[in-house]
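Enquirer: need coordinates for the below:
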Amino acid sequence: MRFTVAIDGPAAAGKGTISKGVAAHFGLAHLDTGLLYRVVGRRMLDGEQPVDAARALVPEDLERDDLRTADVAQAASKVAVIAEVRAALVDFQRAFARRSGGAVLDGRDIGTVICPEAEVKLFVTASAEVRAERRYLELSARGADVDRAQVLADVRERDTRDTDRSEAPLKPAEDAVSLDTSDLSIEAALAAGIAAVEAKMPAKG
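Expert: Residues are numbered from 1 along each chain as shown. Sure thing, here's the model as predicted:
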């Protein structure tokens, strides 16, 4: 079976949590495509050229434990506007999406660019304030020294960069199911995601 679920949305909207939960519920493989850009961003911070880093990416790179910092998130957003970087990562993502057994991919251009033929497309969003608070609590829990106002400013800056870029801007696919998680618990958001996928699943038997 080849069955692709494309889940897009801005930072801290909950798409990663929903994607992992959907993948686990249906027994599908999962790829957080944002990690690809975080790897490239991390390598750029280490002194590599972004395009070279993207072309050299291997699956093992996604296991690095230094990809979840705030500076890497900003670097990832910056390298994501480079057309050559995006092109270098397209084949990796599309091959994963059509693997046997089905797959869930989450990112910012999965339903619009990477997998426009995906059987299910979700666009997960939430207000900037809610997303900033989630990100603040996440970073604080890891022991990071963060300021609420700065986190909100970073979220808004990244939103602007992601939606205004000329190459694969962040936007919902025309046939995507929109899911606003601003006022939803994790459990309710996941249940809504599972229901949307279940509605498109091929009938068994």
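
Enquirer: quick one: contacts of stretch 157-175?
Expert: Contacts of stretch 157-175 with the rest of the structure, by Cβ atoms under 8 Å, 6 or more residues apart in numbering, involve 6, 8-11, 73-74, 77-78, 80-83, 86, 108-109, 111-113, 116, 121, 123, 128, 178. C-beta here means a position set from N, CA and C on the backbone, and glycine is covered the same way.

Enquirer: how does it look with 7 Å?
Expert: If you take Cβ atoms under 7 Å, 6 or more residues apart in numbering as the criterion, stretch 157-175 is touched by 8, 10-11, 77, 81, 83, 86, 108-109, 111-113, 116, 121, 123, 128, 178.

Enquirer: so which residue is dead centre in this structure?
Expert: Nearest to the geometric centre of the chain sits Gly107, at 2.6 Å (Cα atoms, centre = their mean).

Enquirer: now Val146. Nearest residue, chain neighbours left out?
Expert: Nearest residue to Val146 in three dimensions, chain neighbours excluded: Leu139, at 4.7 Å (Cβ to Cβ, 6 or more residues apart in numbering).

Enquirer: tell me where the protein has helices.
Expert: 15-26, 34-45, 50-55, 70-79, 83-97, 128-141, 148-164, 186-198 (DSSP state H).

Enquirer: I'd like the distance from the fourth one to the chain centre, please.
Expert: Yep, that's helix 70-79 we're talking about. Here helix 70-79 is found 13 Å from its chain centre; the criterion is Cα atoms, centre = their mean, to the nearest Å.
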